[in-house]
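[1] Based on what follows, work out the 3D shape:
(4 chains)
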Number of protein chains: 4
Amino acid sequence: REYLDRTWAASVLKVRSPDTHKGTYGHVLILAGSRGKTGAAVLAALGALCGGAGLVTLASARSLQDLFAGYVPEILTAGLEPETLEAELTPEAAESILELASRMKAVVLGPGFGLSEEAKALSRRLAMELPVPTVLDADALTALAGDLELLKESRGLRIITPHPGEMARLLGKPKDEIQADRLAVARAAAETSGAVVVLKGAATVVASPDGREAVNATGNPGMAQGGMGDVLSGLIGALLAQGYDSFEAACLAVYLHGASGDDLSRRLGPYGFTASEVARNLPRVLRTLSFYGQGL
Amino acid sequence: REYLDRTWAASVLKVRSPDTHKGTYGHVLILAGSRGKTGAAVLAALGALCGGAGLVTLASARSLQDLFAGYVPEILTAGLEPETLEAELTPEAAESILELASRMKAVVLGPGFGLSEEAKALSRRLAMELPVPTVLDADALTALAGDLELLKESRGLRIITPHPGEMARLLGKPKDEIQADRLAVARAAAETSGAVVVLKGAATVVASPDGREAVNATGNPGMAQGGMGDVLSGLIGALLAQGYDSFEAACLAVYLHGASGDDLSRRLGPYGFTASEVARNLPRVLRTLSFYGQGL
Amino acid sequence: REYLDRTWAASVLKVRSPDTHKGTYGHVLILAGSRGKTGAAVLAALGALCGGAGLVTLASARSLQDLFAGYVPEILTAGLEPETLEAELTPEAAESILELASRMKAVVLGPGFGLSEEAKALSRRLAMELPVPTVLDADALTALAGDLELLKESRGLRIITPHPGEMARLLGKPKDEIQADRLAVARAAAETSGAVVVLKGAATVVASPDGREAVNATGNPGMAQGGMGDVLSGLIGALLAQGYDSFEAACLAVYLHGASGDDLSRRLGPYGFTASEVARNLPRVLRTLSFYGQGL
Amino acid sequence: REYLDRTWAASVLKVRSPDTHKGTYGHVLILAGSRGKTGAAVLAALGALCGGAGLVTLASARSLQDLFAGYVPEILTAGLEPETLEAELTPEAAESILELASRMKAVVLGPGFGLSEEAKALSRRLAMELPVPTVLDADALTALAGDLELLKESRGLRIITPHPGEMARLLGKPKDEIQADRLAVARAAAETSGAVVVLKGAATVVASPDGREAVNATGNPGMAQGGMGDVLSGLIGALLAQGYDSFEAACLAVYLHGASGDDLSRRLGPYGFTASEVARNLPRVLRTLSFYGQGL
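    So this is what the prediction gives:
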């Protein structure tokens, strides 16, 4: 069992070779956002960007594309069809999404994706058919409630990132049962789903279907705010795109995300900082890690 | 009578327990904004966010939703109907608002909400019927001009945050009478309305209908600019959502808001800083408070 | 003749009294912006905001209102009609503008206002009829080309802020004649127009029709970029709204604007900083001024 | 052969004379952006702005103009017609673009410009007919694939900025052949095209048709992310507009861009910083350069 502290993180962090370019660090596709929940998509994309992905494309319903294009210029956008009145994508969009995703190194599906029947049906299909490593988060998890075992037949590696409430829905169990033995629950969910499981909370745990497991040492209650989880899912996507295996990507992202929040908590204050700041602060954490053990 | 200085603030500030999540810190609904006064809504939402609310939803007329969605990605948005040509909500929107509010921990009603007859009628109804603790500010106070005693029958706790001009309209008295004995006026208004009263100004005073009262020690004339009050009302909402009682929420928000401005005044300069910066600077003030008395 | 250096600026800077509020510092109306030149309007509004105005309203063609509302939340917006295809206001908008302006402490007219015949006709009428102290800048000056003497009959105090090219057009003289004796030209233009004249350039000069004149000591070639002048005109508006007389408002704004740029040039680098940063940096300059002569 | 390090950069950097104004530093036209790739245009414009251009206009399809206007207020915008459904300009827009460009000091063509047949046809025509010094980047290079020799007949100075993949397409050769002897390839491409060639990569090389050549000493793998190249092309445009000859503009821009990234890498962290930050950090690099050799 890994304990995700600075020593561990420094040991797995890949150093960038000088002779690399944006293609080396992969293209991440963010499938996220619907009317009212647009920020979740932006935060996931920002997490991917500040996590070092070579390219990030945020794909959404077409009516939201210009709104997304106005946020962060480094993020590419794609506008898809058809969509509902609340700018959720519908199952008819599946083919074009799968085609788009086939050219990507990793996908993040779910933040603010929508909870209409149509959005959930599309999300379920994508969870199964996306041909590349995919992070399933937020609404994509709600869409899978009670059907976690389906993921075992999915077409690519999957990482799921439920908080305890989402895990309860995924497993059809009460939330206090989830919290009673978090590591055991994560382990069981990983076995059931064949996915790497990130069970978020005060001490986030990660479990892989191959038996590896980890407990995180970072994070603080100043991060108990909407949007923090979206940054995490984007960050996992960035690490997948940079070539980490799915368990390591999940663990390192969990560590870095919490460490960024810890650094903000120390420097800025105990809370009131935002998820955007957690994303934007990731380079500082990487800097500390890269000096670790060098006596600096 | 409390004197709202650092000692007092440090004594009431709740320390966050590690084992908490965004649900612990509540969901704040901001009912604010109309065409031309959109920024007031954003600033109230930002005050709530940087004040540590778990989630913040900014609800407005539907035609403003995408504009609001483009500001701060951590803020959720809701688009309501029907609306006037100036994007003010009308009384027919009341049912959907009350339904939405019933799932919230606290509401902030009023910044930039609009002063048409329709907006005022809606505001008056909401002031009475919102089932959760609610901050009434700005246009919501103008809508209650002369009718402060109505609030006594409202369905939940209320906090009102008038500046002297708004207080004059609420009580139907000249402004210099308000300023002549601010604490007595606030006390009387609290008795009349059954609401916690925050009478803003050079030394903001707070009075509760249960007899508690307070005078604030923080703030400076660099904060004499549009938008500062909006941040304050959002911040009170955030503290209500985090479980402070309504008098303490009002007092602590008043202290923190002024202390954030004082810190900016010292570090940046005497004026020319903005309300957004007062909101974004709140973590620093919380940091100072959390070290207070620890010899640091 | 004043030399606008730190000693001078510290001697005229008004210290804010604790017992003041946003009403004390006035409401500035920015009449600016058309399609393609929207940023000029935003920068003028930002100059007014960071210069300490109590309230700032940016009024434009209605089709630009939502765009302007998306920039800086502290800035109120107004949408006016009718407008041209390029979102320039037309003479038919004059009545509503004059009505709006009558409730303001100061007006800034011209940045990005447009150069169509319709926009120029409106601008000329407003230059004459605006009933409050008004800064005329950029397109408002081009609209007055050759007719500077008209201003003598205008309904309120006027400050004009031409760069040498605009001054050449105002006076119908070649630009090198303007530059040959800048102070004499400014003095003559002040006499002709009855307005305070700010002739911008390497050493900006200010001349008042009452005979006062000044030469500025601040500023640097890193400020040779689009948008800097817009910040200056907004800043003059802010100082007018705060109760400075028109010559002092012009002089102090010219000093502060240059000093902010000088501070950025020293701290950030010799150029590549932007007009927004010059505006946002104004508090630091005010801070230095307020400590001046106190041995700090 | 020049080695582009700090000594070299300090030796060519022009010091700004106090008696200069925005006209001195030129007006740069950015022809860039289409739906989904809007950020590339913004980043090129930001590179030009932070690189010290006197004025920057971002020209795009009309339907994107308001989106672009909402980003950075210092950037002017122009809306052109006609356009495709993906907001790419079509060949019929050529006349108005050429007319607009004739009033500019330099042009940057290509970032996010679009790859439809229509956009490519327009791009090819503009590459030939633009009457001022022009940087060809990104989609403008793809549009010239296999036809590099055409540029020899173009109407003004040209700088091309391919990464190895784009160079491979330009020359119709495999990418590993490009990388095998980068300087020889750049030299040959410069001879073929008559353009200054910037072959990007781990050690960017620059070759001029007059035989000058250079290898860059700055840059790091934290810059391996989308958008970085857009900032570079805008920065070259800014230096052209400031009067550097095309080889020096290319070399100095390459140096400054890499040095800005190096400074961020040291101060913020090894990666996770963004292209916007590389642009915004340019003044710091200019500051270091301007102190160089002064014993400071």
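
[2] so who does the closest residue to chain D within the stretch 101-250 of chain A touch?
    Proximity of the stretch 101-250 of chain A to chain D (Cβ to the nearest Cβ) peaks at residue A:238, 8.8 Å away. The way it works is simple: take the backbone N, C-alpha and C, and place the C-beta from them, glycine included. Listed by Cβ atoms under 8 Å, 6 or more residues apart in numbering or on different chains, the contact set of residue A:238 reads A:25-26, A:28, A:47-53, A:56, A:106, A:253.

[3] who in chain A is up against chain B?
    Within chain A, the positions adjacent to chain B are A:35-40, A:42-43, A:46, A:67, A:70-71, A:163-165, A:201-202, A:220-222, A:224-228, A:264, A:268-276 by Cβ under 8 Å from any Cβ of the partner chain.

[4] ok, back up a step: just the contacts of residue A:238: which are in strands?
    A:28, A:56, A:106 (DSSP state E).

[5] circling back to that earlier point, in strands only, show me the residues of chain A next to chain B.
    Using DSSP E, none of the residues of chain A next to chain B sit in strands.

[6] List buried residues within those residues.
    Neighbour counting with 16 or more other Cβ atoms under 10 Å in any protein chain shown marks A:35-40, A:42-43, A:46, A:67, A:70-71, A:163-164, A:201-202, A:220-222, A:224-228, A:264, A:268-276 as buried within the residues of chain A next to chain B.

[7] on that earlier part again, please identify which of the ones in strands among the contacts of residue A:238 is nearest to residue D:97.
    residue A:56 (30.3 Å; Cβ to Cβ).

[8] dump the residue contacts of that closest one.
    Per Cβ under 8 Å, 6+ apart, neighbours of residue A:56: A:27-28, A:30, A:45, A:48-49, A:74-76, A:234, A:238, D:226.

[9] Just give the closest residue to the one residue in the stretch 1-150 of chain A that gets nearest to chain B, not the sequence neighbours.
    Nearest residue of the stretch 1-150 of chain A to chain B (Cβ to the nearest Cβ) works out as residue A:39 at 3.3 Å. Closest residue in space to residue A:39, ignoring its immediate chain neighbours: residue B:73 at 3.3 Å, by Cβ to Cβ, 6 or more residues apart in numbering or on different chains.

[10] In which helix or strand does the one you found reside?
    Using DSSP states H and E, residue B:73 sits in no helix or strand.

[11] What does residue A:145 show for phi and psi?
    When quoted as degrees, to the nearest 10, the phi and psi of residue A:145 stand at phi -50, psi 130.

[12] count of neighbours near it?
    Using other Cβ atoms under 10 Å in any protein chain shown, residue A:145 has 14 neighbouring residues.

[13] and if you look at residue A:112?
    There are 29 residues near residue A:112, going by other Cβ under 10 Å.

[14] What of residue A:12?
    Residue A:12 - counted by other Cβ under 10 Å - has 17 other residues nearby.

[15] Residue A:183 too?
    With other Cβ under 10 Å as criterion, residue A:183 counts 16.

[16] Please identify the residues of the stretch 1-150 of chain A in proximity to chain D?
    Within the stretch 1-150 of chain A, the positions lying close to chain D (Cβ under 8 Å from any Cβ) are A:16-25, A:49-56, A:65-66, A:69-70, A:72-79.

[17] So which of those residues sit within helices?
    Judged by DSSP state H, the subset of these located in helices is A:49-50, A:65-66, A:69.

[18] about what we covered before: most neighbours out of the contacts of residue A:56, which is it?
    Result: residue A:30 is most packed of the contacts of residue A:56 (other Cβ under 10 Å), 38 neighbours.

[19] ok, that one - contacts?
    Neighbour list for residue A:30: A:41, A:44-45, A:48, A:56-59, A:107-108, A:111, A:234, A:237 [criterion: Cβ under 8 Å, 6+ apart].

[20] Report the distance from stretch A:57-73 to the chain centre.
    From the chain centre to the centre of stretch A:57-73 is a distance of 19 Å (Cα atoms, centre = their mean, to the nearest Å).

[21] just to revisit the earlier point, what is the burial count for the residue nearest to residue A:39?
    Residue B:73: 28 neighbours (other Cβ under 10 Å).

[22] before we move on, what about residue A:243?
    Using other Cβ under 10 Å, residue A:243 has 14 other residues around it.

[23] was I right about it contacting residue A:16?
    No - the pair residue A:243 / residue A:16 is not scored as a contact, 11.1 Å apart, by Cβ atoms under 8 Å.

[24] shared neighbours of the two, which are they?
    Common neighbours of residue A:243 and residue A:16, counting by Cβ under 8 Å, 6+ apart, are absent.

[25] mind listing what's buried in the helix or strand in which residue A:231 is found?
    Element membership for residue A:231, per DSSP H and E: helix A:228-241. Residues of helix A:228-241 classed as buried: A:228-241 (neighbour count, 16+ other Cβ under 10 Å).

[26] Make CSV out of those and add pLDDT.
    Formatted as CSV, those follow (pLDDT from 0 to 100):
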residue, pLDDT
A:228, 98
A:229, 98
A:230, 98
A:231, 98
A:232, 98
A:233, 98
A:234, 98
A:235, 98
A:236, 98
A:237, 98
A:238, 98
A:239, 98
A:240, 98
A:241, 98
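
[27] Now flag whichever of those residues is closest to residue C:93.
    residue A:230 (43.9 Å).

[28] pretty sure that closest one is touching residue A:275, no?
    Yes - the criterion here is Cβ under 8 Å, and residue A:230 meets it with residue A:275 at 6.6 Å.

[29] got any residues that touch both of those two?
    Contacts common to residue A:230 and residue A:275, judged by Cβ under 8 Å, 6+ apart, are residue A:43.

[30] tell me the contacts of residue A:235?
    Applying Cβ under 8 Å, 6+ apart, the residues near residue A:235 are A:47-48, A:50-51, A:253, A:256-257, A:279, A:282.
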